[in-house]
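[1] The following block contains a protein sequence and its predicted model.
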Number of protein chains: 2
Amino acid sequence: MSSTSSRTPVPFSREQLEQVLKRRFFYAPAFEIYGGVSGLYDYGPPGCAFQANVIDTWRKHFILEEDMLEVDCTMLTPHEVLKTSGHVDKFSDWMCRDLKTGEIFRADHLVEEVLEARLKGDKAARGQAVADAGEESDDKKKRKKKVKEIKNVKLDDAVVQEYEFVLNQIDGYLGPQLGELIAKYNITNPATDGPLEPPVEFNLMFETAIGPSGQLKGYLRPETAQGQFLNFSKLLECNNEKMPFASASIGKSFRNEISPRAGLLRVREFLMAEIEHFVDPDNKKHPRFAEVKDLQLSFLPKGVQEVGSNELVVKSVGEAVESGMVDNETLGYFIARIYKFLMKIGVDPSRLRFRQHMSNEMAHYASDCWDAELHSSYGWIECVGCADRSAYDLSVHSARTNEKMVVRQALPEPVTVEKFEVDIDKKKFGPKFRKDAGAVQNFLAERTQCELEDLAKELADTSKVVLQVPGVESDVEVGSDLIKIAKVTRVEHVREYTPNVIEPSFGIGRILYSIFEHQFWSRPEDKDRSVLSLPPLVAPTKVLVVPLSNHADLSPLVQKITASLRKEQVPFKVDDSSASIGKRYARNDELGTPFGITIDFDTVKDNSVTLRERDSTKQVRGSLEDIIKAVKDITYNGVSWAEGTANLTPFETASDEA
Amino acid sequence: MSSTSSRTPVPFSREQLEQVLKRRFFYAPAFEIYGGVSGLYDYGPPGCAFQANVIDTWRKHFILEEDMLEVDCTMLTPHEVLKTSGHVDKFSDWMCRDLKTGEIFRADHLVEEVLEARLKGDKAARGQAVADAGEESDDKKKRKKKVKEIKNVKLDDAVVQEYEFVLNQIDGYLGPQLGELIAKYNITNPATDGPLEPPVEFNLMFETAIGPSGQLKGYLRPETAQGQFLNFSKLLECNNEKMPFASASIGKSFRNEISPRAGLLRVREFLMAEIEHFVDPDNKKHPRFAEVKDLQLSFLPKGVQEVGSNELVVKSVGEAVESGMVDNETLGYFIARIYKFLMKIGVDPSRLRFRQHMSNEMAHYASDCWDAELHSSYGWIECVGCADRSAYDLSVHSARTNEKMVVRQALPEPVTVEKFEVDIDKKKFGPKFRKDAGAVQNFLAERTQCELEDLAKELADTSKVVLQVPGVESDVEVGSDLIKIAKVTRVEHVREYTPNVIEPSFGIGRILYSIFEHQFWSRPEDKDRSVLSLPPLVAPTKVLVVPLSNHADLSPLVQKITASLRKEQVPFKVDDSSASIGKRYARNDELGTPFGITIDFDTVKDNSVTLRERDSTKQVRGSLEDIIKAVKDITYNGVSWAEGTANLTPFETASDEA
């Protein structure tokens, strides 16, 4: 296959790509005949096959290669689970209403768009060139529709600088800060210039009621991760109690986006593939790190962003971990594995970077996070997140349910430890606290050593401790007649710990769309003849079978060849229409079909067929068996066109002129 | 593999099966540490792999084999779509409330369960044997929990007969009839004997709101079919306008069951695989019918059920279609293909029947329907539906949206037709009916020839027609000054028609559970050693690799063998624990792993290994390469154990005693 860089004399046109994707039904707005619903899309046959091939590759690259435990968990999720995980309180975006028109804006997107438009207007007023949609170099041109008109107004140099600083940090602002920016920069409804209400939080989960009574509130899951966490103890048992290990899940998740635009890049229902790698918090080394440490990648660490820059740092994964820029080997290992996966499925490496989240931008559960961002005409977009969720999720679910979610590890030799312990007089405790007794007891059992030290002091000083126990309304007083808290010496044989979680999380739709942009180009000789250079491994169809004509002698051969392809499980299509060979190939170039097999009258004589390669339009000739072998080797075994066809005869007539 | 019938001296115990499925985490109640939510389950690693293999087989058996167009459509569905399809009004079950306790019962299940309990009590009172859970021969023992206690009360012979008649027809009653039965037979809350309110409809769709305004009402789809119908025109274009063709979709659907019990058989979120085969209503022949016509199947046609019997009719698919029992070849073809698929994945043919829906039981969209029902300890359960949905869905969506959803077929030669046509005076029509003009015009355009004949007569007789137009509140009067309806003669070159749809629809979870029951058994020599005889094709893991001991000489061989298996993409697990070989095999028998490869000290010398077969515990010995070839042939190429191991050496030590 030819490389991406050698084939772009015709400038990329998003409009042309979208027109092909729609016409060939890669995907389309869902419920289109009803006018559609924004943020919802259906995948048609080629899009669905492309998606299935990417998922199949993902499963082999991650689950099979690393013996992960795949699970398939429920999407409907009761309120209590997502309350505990923090999603009910924190999984939200900030929105501003225009009370007059009823319009709703996502606050960060609005600020971004308005400031960008003003910067453009400033450039125009200064007589500088303004980039147009297809070639924008600016990083964040994701949403285009609200600001319709660019006014040519020159800004003060200091204002320009301030705007640029804000834009480079836009993902880091919370609602109140966005409200301040809106006030400070006098941002209004772009269509009417009307005033906007201050930003308010909008929870992104879809809510529903489970069961006929309507009383059990639930949500559609916003991520597949929670199902994996809740099953942690069962999974650990499946893995014979061995650590570290990973679970994985592929499935749909849902986010009720405030104002989804940008096609597949921001949708309300989407396919995710998520890995939860459970690891010892004291040892985040990875046994296979050596295999990836020399891989050179482009990083955008938080320190660079926080001074308002976006300059990439190129270094090896090994150096990145050694320097502490990437926190640990396991995180570095997965960053490298993500890179390798994206290369297999057709991402352009020059349009991929790993961006670290800034501290104020991180999800509520994360302790460190690197996004694989892919560049497209919409700017740089997060397509894979790789977060260290620490012990957050397991800890909160365990605390809420009183189910232990820990690893118990036999120590190589017993250890003597001194620690504070609580001794409860259960006979008195129960009658005194009644229904709250369990909660108070659990509360005490969960205290850290430092907390127990303080409580011991309080108990010694005042003969009681006063506790705020979650779920118990008033303060709880426990007197020294009921408990003792003292330092004791114990010999321990087992270490018990809550694992940390490293989570690589893939947004499949975003990746698919980015690959479309990375691999779409037009033939220089005819810009209407577009090509989608999907790698054969993930292309929806591998082979187009083309009989030269409708002559009766050729149709038994079509039968024979398709039977062979079916037997060898090579996905194919037949085009026996009356269009010219060149036209038939062109129609399949835009579908991403990498190979064409032409049947002609020589095939009748000697069983030989011609094989055409999509990107170069090169052709070779050989027996049907040899041609199918070449197709399978190139598609599934990572063999290049040159190697795969070395023993076949070059065929000179340019296929596309036939 | 040994046949099902040869291995069941130990009676089936559902309790033992469920204990294995839970312990090995095939599946488990979702959110179990939070107490669970009824009707929601998570699949653990073996269940998830089994499901993935069944889906992969389905995709090959149906989509690839028959060139179907796979799509992946949105689950969130706006109200209007499901209002049009009839689901908002008709997709419901009947429930009864006990106002005192707040309990809610599904009306048909309650009637069924109470009458069954009374019949049991009658049998006991008459001193007849009552079947126990594992062996019930009665057909409908699906739900067991509400009626806790069987009272030994003898009934009149006439009452017994009446109850039996009702039970054989239970799927056919609507709410008011169920209400009558409840009153007539004095059915109350089984726990408290309290009175119940009459049955009311409960819609089974989960409702949610799409977007930040909360004003766009939507539902989670109750089937994948609607997405396929809405995309019909795009799919027809993908298929180069050729008919017939099929689309297919694999994905989750949702039904808010009133009171889900019976494990995987009645759940609120489930994986479906659905095919929509679009066919010419005037020609439902199938080109490949000859391939299946001799297949003998067990049918339970509606005529038999309607006289209160459940005796099976065994005949060939060809005879079934010829006699008119099965309506047409396409329906018959799919019934046969469903059978063949179920055989591939491990269904016991003696526990499969095709039951026709009775007229009053059919879904609102269906004109004929045959269910593939699988027998388990819960009775006979619908696992695959095969419905003829006629032109229902395409017609209603087309009428609602004014989008044509038709096939236009060039006629071999022009045809002269006489037909009624409506001629509208558009200049007057618009001003007269204003906003309703479009609706009235469409209503007229959609009338059948018979309806037009009647309208023509009405117009001639009364100089006007009076129409009830959906969406227009009052009756619409159209005078003869505005329209003419007359018979005209036309030469037509194109035939335009709305296709009919044959829909095979698979409930994957129900199939998986039924296969567990069909393939679970215990070794006669030790009833605690259970075996899950899943066909190798769909077994979660194909090979267990077992080193004889932890001796250092063997571990490089484990590495080598697992590397070979990985390269050949054969899913495997290693068990290098210190348990005995027999114990390690037993642990994997219950996981359904069909093969074991044992590594011993001879392997070090000559590269030979032992291969063990799960069901027979037979063993053969050969080189690693030959053994892997045998495993692949038996697993993926449909070769039997005897054929696949013919050139290997029988190995006499019984593996399970080692």
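    Sure, I can see it.

[2] Roughly how far does residue A:565 sit from chain B?
    Relative to chain B, residue A:565 is positioned 11 Å away (Cβ to the nearest Cβ, to the nearest Å). Yep, even glycine has a C-beta here, placed from its N, CA and C like the rest.

[3] Just give the nearest non-adjacent residue to that residue, would you?
    Taking Cβ to Cβ, 6 or more residues apart in numbering or on different chains, and ignoring the residues beside it in sequence, residue A:565 has residue A:572 as its nearest neighbour in space, at 4.6 Å.

[4] Please name the residues that touch that neighbour.
    Going by Cβ atoms under 8 Å, 6 or more residues apart in numbering or on different chains, residue A:572 touches A:541-545, A:562, A:565-566.

[5] Can you pick out the ones from those residues that are in strands?
    Within the contacts of residue A:572, residues falling in strands by DSSP state E are A:543-545.

[6] Write out the residues of the stretch 251-400 of chain A neighbouring chain B.
    Those residues of the stretch 251-400 of chain A that sit near chain B, judged by Cβ under 8 Å from any Cβ of the partner chain, are A:251-252, A:254, A:256, A:258-259, A:268-269, A:397, A:400.

[7] Show me what secondary structure element comes after the worst-scoring helix or strand of chain A on mean pLDDT.
    Among the secondary structure pieces of chain A, namely its helices and strands, helix A:437-445 has the lowest mean (mean pLDDT, DSSP states H and E), a mean of 81. The first helix or strand that comes after helix A:437-445 along the chain, using DSSP states H and E, is helix A:449-462.

[8] Report the mean per-residue pLDDT for that next one.
    On average, the pLDDT along helix A:449-462 is 91.

[9] The helix or strand just after it pairs with which strands?
    With elements assigned by DSSP H and E, the helix or strand that comes after helix A:449-462 is strand A:464-467. The strands beside strand A:464-467 in its sheet (DSSP bridges) come out as strand A:476-479 (antiparallel).

[10] quick one: the strands in the stretch 1-150 of chain A?
    A:27-29, A:41-43, A:69-70, A:76-78, A:92-97, A:104-106 (DSSP state E, counting those that start in this stretch).

[11] With mean pLDDT as extra columns, can I get those strands in JSON lines?
    Shown next, in JSON lines, are these (pLDDT from 0 to 100):
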{"stretch": "strand A:27-29", "mean pLDDT": "96"}
{"stretch": "strand A:41-43", "mean pLDDT": "98"}
{"stretch": "strand A:69-70", "mean pLDDT": "97"}
{"stretch": "strand A:76-78", "mean pLDDT": "97"}
{"stretch": "strand A:92-97", "mean pLDDT": "91"}
{"stretch": "strand A:104-106", "mean pLDDT": "91"}
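
[12] With mean neighbour count and distance to chain B added, can I get those strands in a markdown table?
    Listed next are the strands of the stretch 1-150 of chain A as a markdown table, based on neighbours: other Cβ atoms under 10 Å in any protein chain shown; distance: least, Cβ to the nearest Cβ, whole Å:
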| stretch | mean neighbour count | distance to chain B |
| --- | --- | --- |
| strand A:27-29 | 21 | 6 |
| strand A:41-43 | 26 | 4 |
| strand A:69-70 | 24 | 4 |
| strand A:76-78 | 23 | 5 |
| strand A:92-97 | 21 | 6 |
| strand A:104-106 | 23 | 5 |
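
[13] Save those strands as TSV, and put in distance to residue A:157 too.
    Supplementary listing: the strands of the stretch 1-150 of chain A in TSV, determined by distance: least, Cβ to Cβ, whole Å:
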stretch	distance to residue A:157
strand A:27-29	43
strand A:41-43	43
strand A:69-70	56
strand A:76-78	51
strand A:92-97	29
strand A:104-106	29
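
[14] Any idea which of those gets closest to residue A:407?
    strand A:69-70 (15.0 Å; Cβ to Cβ).

[15] Which one (most neighbours) among the ones in strands among the contacts of residue A:572?
    Counting neighbours by other Cβ atoms under 10 Å in any protein chain shown, the top entry in those is residue A:543, with 27 neighbours.

[16] wait, that residue sits on residue A:565?
    Yes. In this structure residue A:543 lies within contact range of residue A:565 using Cβ atoms under 8 Å: 6.3 Å.

[17] still on that earlier bit, tilt between the least confident helix or strand of chain A and helix A:449-462?
    Between the axes of helix A:437-445 and helix A:449-462, defined by axes from the mean of the first three to the mean of the last three Cα atoms, to 10 degrees, the angle is 110 degrees.

[18] quick one: low-confidence ranges for the stretch 551-658 of chain A?
    The model of the stretch 551-658 of chain A has pLDDT under 70 over residues A:653-658.

[19] ok, now chain A?
    Across chain A, the ranges flagged by pLDDT under 70 are A:1-9, A:130-146, A:653-658.

[20] What are the buried residues along stretch A:590-609?
    Within stretch A:590-609, the residues that qualify as buried by neighbour count (16 or more other Cβ atoms under 10 Å in any protein chain shown) are A:590-600, A:603, A:608-609.

[21] need the ones in strands among the contacts of residue A:572 in TSV with distance to residue B:89, can you?
    Listed next are the ones in strands among the contacts of residue A:572 as TSV, based on distance: Cβ to Cβ, whole Å:
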residue	distance to residue B:89
A:543	47
A:544	46
A:545	48
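
[22] Tabulate the buried residues of stretch A:590-609 (JSON lines), appending distance to residue A:163.
    Compiled in JSON lines, these are given as follows (distance: Cβ to Cβ, whole Å):
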{"residue": "A:590", "distance to residue A:163": "40"}
{"residue": "A:591", "distance to residue A:163": "43"}
{"residue": "A:592", "distance to residue A:163": "40"}
{"residue": "A:593", "distance to residue A:163": "46"}
{"residue": "A:594", "distance to residue A:163": "45"}
{"residue": "A:595", "distance to residue A:163": "50"}
{"residue": "A:596", "distance to residue A:163": "51"}
{"residue": "A:597", "distance to residue A:163": "56"}
{"residue": "A:598", "distance to residue A:163": "57"}
{"residue": "A:599", "distance to residue A:163": "62"}
{"residue": "A:600", "distance to residue A:163": "63"}
{"residue": "A:603", "distance to residue A:163": "65"}
{"residue": "A:608", "distance to residue A:163": "65"}
{"residue": "A:609", "distance to residue A:163": "61"}
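
[23] These: which two are farthest apart?
    By the measure Cβ to Cβ, the buried residues of stretch A:590-609 have their two most distant members at A:590 and A:608, which lie 28.1 Å apart.

[24] Just the ones of the buried residues of stretch A:590-609 in strands?
    A:595-599, A:608-609.

[25] Quickly name whichever of these is closest to residue B:415.
    With Cβ to Cβ as the yardstick, the closest approach to residue B:415 among these comes from residue A:599, at 36.6 Å.

[26] any idea how far residue A:565 is from that closest one?
    12 Å (Cβ to Cβ, to the nearest Å).

[27] between these two, what contacts are shared?
    Common neighbours of residue A:599 and residue A:565 (criterion: Cβ under 8 Å, 6+ apart): residue A:545.

[28] hmm, back to that, so what's the residue nearest to residue A:565 bridging to?
    Per DSSP bridges, residues listed as beta-bridge partners of residue A:572: residue A:543.

[29] Residue A:326 contacts residue A:370, doesn't it?
    Yes. Distance between residue A:326 and residue A:370: 7.0 Å, which falls inside the contact criterion (Cβ under 8 Å).

[30] Touching both of these two, which residues are there?
    Any residue near both residue A:326 and residue A:370 by Cβ under 8 Å, 6+ apart counts here, and that gives A:299, A:335.

[31] ranges for the helices of the stretch 101-250 of chain A?
    Assigned helices in the stretch 101-250 of chain A, in chain order: A:107-125, A:157-168, A:175-184, A:225-230, A:232-238 (criterion: DSSP state H, counting those that start in this stretch).

[32] which of those helices is buried the deepest?
    By mean neighbour count, with neighbours taken as mean count of other Cβ atoms under 10 Å in any protein chain shown, helix A:225-230 ranks first of the helices of the stretch 101-250 of chain A at a mean of 25.

[33] ok now that one, how far from the chain's centre?
    Using Cα atoms, centre = their mean, to the nearest Å, the mean C-alpha position of helix A:225-230 is found 17 Å from that of the whole chain.

[34] I appreciate the help and will end here.
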